[in-house]
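> based on what follows, work out the 3D shape:
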Amino acid sequence: MSVSGRDMMFIGGIPAVISFNASSRMFRGVFIGLNAEVDFLACSPMDLQPQGEAALSVFLETCRQQKRSPLLARQEGQKGYLLEDIYAELEGPARQKGIDLYQLVRDQTLEFQKTGYREKGPVVFLNF
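Down below sits the predicted model:
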């Protein structure tokens, strides 16, 4: 499995942009649509999922303790969350790969909420 600089994966229903740093030989994931920068590092693409799950779990627990939303709101004067706009942009690329993006997000979100992490399953990468 190779990861390009324009790949995205989903963990707990939240998209993360994946990049590779050639000098450090590390993969980096950065969640998008959250109210803080939440990133994770891995030595291989297969290690991205558990590292991302751990980072997301810590972030969500911190948000729960501080009683704040983990999602980034749209700009002032607009209702809703930036993540909704991101999902709308990703719907087309997901459909081209035969993925129902909204079903994927629902399934991952429910599983992540139940267990704090997603059961081992196929990692979903999208190119955009």
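
> which residue ranges of the chain form helices?
Under the criterion DSSP state H, the chain contains helices at 45-66, 82-96, 101-115.

> how much space separates E111 from G12?
Distance from E111 to G12, counting by CB to CB, to the nearest Å: 8 Å. Yep, even glycine has a C-beta here, placed from its N, CA and C like the rest.

> what about these two, which has more around it?
Counted by other CB atoms under 10 Å, E111 and G12 do not tie: G12 has more neighbours, with 22 against 16.

> per-residue pLDDT, that one?
We have a pLDDT of 89 for G12.

> without its sequence neighbours, what residue ends up closest to it?
F112 (3.5 Å; CB to CB, 6 or more residues apart in numbering).

> what sits against the one you found?
11-13, 53, 56, 118 (CB atoms under 8 Å, 6 or more residues apart in numbering).

> using TSV, lay out these together with distance to P45.
Shown next, in TSV, are those (distance: CB to CB, whole Å):
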residue	distance to P45
I11	13
G12	18
G13	20
E53	15
L56	17
R118	16
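
> for the residue nearest the centre of the chain, give its distance to S24.
Nearest residue to the geometric centre of the chain (CA atoms, centre = their mean): P15, 2.7 Å. As judged by CB to CB, P15 and S24 stand 23 Å apart.

> ok, back up a step: burial of the closest residue to the residue nearest to the centre of the chain other than its chain neighbours, as a residue count?
Of all residues not flanking P15 in the chain, M8 sits nearest, at 5.1 Å (CB to CB, 6+ apart). Counted by other CB under 10 Å, the residues lying close to M8 total 21.

> now the residue nearest to V105 when sequence neighbours are not counted. Its backbone dihedrals?
Distance criterion CB to CB, 6+ apart; nearest residue to V105, sequence neighbours excluded, is G13 at 4.1 Å. With angles defined as degrees, to the nearest 10, G13 sits at phi 80, psi 0.
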